[in-house]
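# Predicted model and sequence follow; I will ask about them next.
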Amino acid sequence: MTIPIWQVVEVITLLLTIPVLALEYYWMVLLGTSTKYPRNLETKDVHLTSQPTVSVLIASFNEKYVIGKSLDAIKKIDYPKDKLQVVIADDSTDQTVEIVDEKARELNSYGISTIVSRRPNREAFKCGALNKAMESVVGDFVLLLDADSIVPPDVLTKGIDAVESHPRASFAAYRYGHYNRNDNMITRLFALSQDIGDTLSKMGAYVIDAPFSFQGGFALVRTKDLKDVGQWSNERIADDGDVSIKLYLAGKRGIYLSNVRVMSEDPSTLEAWKKQVARTSQGWWRCVAKYFRTIVFAPGVSFRKKAGLLLMLLGPLSGFSWILVTFLSAIALITGAVAPANSIFNNPLYIGVIAVPFAVSMASGVWALWLQGQLTARNLLLIPMLGYVTGAMLSLGSIAFFYGVFDRPGFFHYRTPKSGSGETTRKTYFRHLTNDRNAVVEGVLGVAAWVLAVPVYLHGVWFLSLTLVGFGLFTLKSMSLSRHIPSRQPALASETVAESSANRPDEIGVAPRTQAQNSQV
């Protein structure tokens, strides 16, 4: 019996759609469970019966515009000074070195023991710096922060209480706060996307004790548990996801504190945001390559936990899967392999199945805005605009898929620039965000989508045609191609990078030391 080619194409299309639908419908479940989140978890009046020692661990590499504020905020933490330690894993090669050393002296004179951990090179990059700095950690807990993290005074009392009051709890994750939320349209959209992600993947997952990943600049972890799972894997990019997976495989769990916000700086340009997403996607795919078999065959881990871990890792695949489905359907239609009447994009049931998660995403945006006290008419308009941003991310996310699967450098060297939300510094600090070779692939995919959309429309499959047009428009618009038009404005002056001497001790305390110039990525 010969199977018609169109049936083969449709089966392949459906199989490629499964990752997208699995993730989207899982998020529907998490939306429902997030409404059951115990709001008193972080609002109750906390009185710790004991006050364990805590080490604040901050990773920094050339963060001169933000690191000072982050270290200053530690002075305001409501916790005994003699129970606090600050360890700064600093790989900087610019003026950040002097700023970090000055702030370390200030913290020490303030009564908070502070150490700066430095290395002769940047082997294993951030993960290597954190692993080296862990040699100096003495706390029972480690508060993990990024260089731009601004902590609230109750970050430790509520975090410690949450972990110690939950069996098997290994870490507390805090909500991603936004100190430059209202800078521009992009920061507002980024804040909304993070709010939705935190609300569903963390609030919802916590309620049903499902796995979720903490973010490296917003978490409190038991030191013993972190060391027991081997700390950070030096070959990984997604350091926070890597550690989270290992903790869950070890039988631990995470607690999420929705209203305890650690403030951070949002990307202020779409290009910076896109590359940050691509880098994260690449890192997650390295995690998939390393842990997929381990998760599937892990002894003592329930099927529900395994499913949760695999769904947690599905995010980057969904974008790549969507592009394959869309382009494959268009090519099959144009070449005559599939008749218009048989196209899956002309099937009302299929359109309904993929439309339901879209409607739920709209509801998720409203719910997230309400929870954060941001439910205004102006912010409601942002929710449909997230569709544009999502479309703009698909191409780079798919490229990152290949970098991650084949263990290529790709976006590994990209770091989201932090300007301290200052307009003057932003103009120079973001000047390196230019189109690279990945943009060629973006452009080809965007143009190809437009080219394919025309014959698809002529074949009468309007839903697929509209999808292709939207994808092409979002992709090409997000590339900011107009900036390549010659401008009469004078070029921005290069920033001055501080030169240093060749020798650097591993650690410093109060006294100033001679700084060494690390090799830059």
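It's in.

# Which strand or helix spans D407?
Using DSSP states H and E, D407 sits in no helix or strand.

# I'd say it and K290 touch.
No - shown here, D407 and K290 do not form a contact pair, counting by CB atoms under 8 Å, at 10.1 Å. C-beta: built from backbone N, CA, C; applies to glycine.

# where along the stretch 101-250 of the chain do the helices fall?
Assigned by DSSP state H, counting those that start in this stretch, the helices in the stretch 101-250 of the chain fall at 125-133, 155-164, 185-197, 205-207, 223-228, 239-249.

# Indicate which one of the ones you listed is closest to G470.
Comparison of the helices of the stretch 101-250 of the chain against G470 by CB to CB identifies helix 185-197 as nearest, at 16.6 Å.

# Can you give the contact residues for that closest one?
176, 178, 180-182, 266-270, 273, 361, 364-365, 368-369, 371-372, 374, 379, 382-383, 385-386, 389 (CB atoms under 8 Å, 6 or more residues apart in numbering).

# Let's see which of those end up in strands.
Residues from those lying in strands, with DSSP state E as the criterion: 176, 178.

# Give the ChimeraX command for selecting the buried subset of the contacts of helix 185-197.
Command for ChimeraX, covering only those of these found buried under the criterion 16 or more other CB atoms under 10 Å:
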select :176,178,180,181,266,267,268,269,270,273,361,364,365,368,369,371,372,374,379,382,383,386,389
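
# Pull out the buried positions in stretch 49-68.
Residues of stretch 49-68 classed as buried by neighbour count (16+ other CB under 10 Å): 53-68.

# go on, stretch 338-355?
Along stretch 338-355, these residues count as buried under the neighbour rule (16+ other CB under 10 Å): 338, 342-346, 350, 354.

# if we take those residues, which one ends up nearest to G472?
Using CB to CB, F345 is the member of the buried residues of stretch 338-355 that sits closest to G472, with 16.1 Å.

# OK, contacts around the closest one?
When contacts are counted by CB under 8 Å, 6+ apart, F345 touches 329, 351, 461, 463-464, 467.

# 6 Å instead?
F345 makes contact with 329, 461, 463-464, according to CB atoms under 6 Å, 6 or more residues apart in numbering.

# Identify the farthest-apart pair in those residues.
Set against one another by CB to CB, those have their most distant pair in S329 and F463, with a gap of 10.2 Å.

# Which of the two has more residues huddled nearby?
S329 (26 against 18; other CB atoms under 10 Å).

# what comes into contact with the helix or strand that one falls within?
Using DSSP H and E, the element containing S329 is helix 315-334. For helix 315-334, contacts defined as CB under 6 Å, 6+ apart pick out 9, 13, 16-17, 19-20, 23, 281, 284-285, 338, 343, 345, 394, 397-398, 401, 452, 455-456, 459, 464, 467.

# Kindly report the same for stretch 24-39.
Residues from elsewhere that reach stretch 24-39 (CB under 6 Å, 6+ apart): 199-200, 203-204, 207-208, 311, 357, 360, 364.

# returning to what we had before: can you lay out the helices of the stretch 101-250 of the chain as TSV showing mean neighbour count?
TSV is the format used below for the helices of the stretch 101-250 of the chain (neighbours: other CB atoms under 10 Å):
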stretch	mean neighbour count
helix 125-133	21
helix 155-164	23
helix 185-197	21
helix 205-207	22
helix 223-228	17
helix 239-249	24
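
# CSV please, covering those helices and showing mean pLDDT and distance to E102.
As requested, these are exported to CSV (pLDDT from 0 to 100; distance: least, CB to CB, whole Å):
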stretch, mean pLDDT, distance to E102
helix 125-133, 91, 19
helix 155-164, 94, 23
helix 185-197, 92, 29
helix 205-207, 94, 39
helix 223-228, 96, 28
helix 239-249, 91, 27
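
# Let me have those helices in CSV, extended by distance to G32.
Putting those into CSV (distance: least, CB to CB, whole Å) gives the following:
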stretch, distance to G32
helix 125-133, 36
helix 155-164, 23
helix 185-197, 14
helix 205-207, 9
helix 223-228, 30
helix 239-249, 22
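
# for the protein, what's the longest helix?
helix 5-34 (DSSP state H).

# Identify each buried residue in the helix holding S329, please.
Neighbour counts using 16+ other CB under 10 Å place 315-323, 325-330, 332-334 of helix 315-334 among the buried residues.

# Low-confidence bits of the stretch 251-400 of the chain, can you list those?
Confidence mapping of the stretch 251-400 of the chain against pLDDT under 70 gives the ranges 316.

# Which pLDDT value belongs to R408?
Confidence per residue is given as pLDDT, and for R408 that number is 75.

# That one - nearest residue in space that isn't next to it in sequence?
Spatially, and ignoring its direct neighbours in sequence, R408 is nearest to F402 (7.2 Å; CB to CB, 6 or more residues apart in numbering).

# the inter-axis angle of the helix or strand hosting the one you found versus helix 315-334?
Assigned by DSSP H and E, F402 belongs to helix 382-405. With axes from the mean of the first three to the mean of the last three CA atoms, to 10 degrees as the basis, helix 382-405 and helix 315-334 are set at 90 degrees to each other.

# how about helix 382-405: buried residues?
Those would be 382-383, 386, 388-401, 403-404, for helix 382-405 by 16+ other CB under 10 Å.

# just stretch 256-269 next, same as before
Of all the residues in stretch 256-269, those buried under the rule 16+ other CB under 10 Å are 256-258, 260-269.

# before we move on, what about stretch 203-216?
Judged by neighbour count using 16+ other CB under 10 Å, the buried positions of stretch 203-216 are 203-207, 210-216.

# Quick one: distance of stretch 183-196 to the chain centre.
Taking the mean C-alpha point of stretch 183-196 and that of its whole chain, the gap between them comes to 13 Å (CA atoms, centre = their mean, to the nearest Å).
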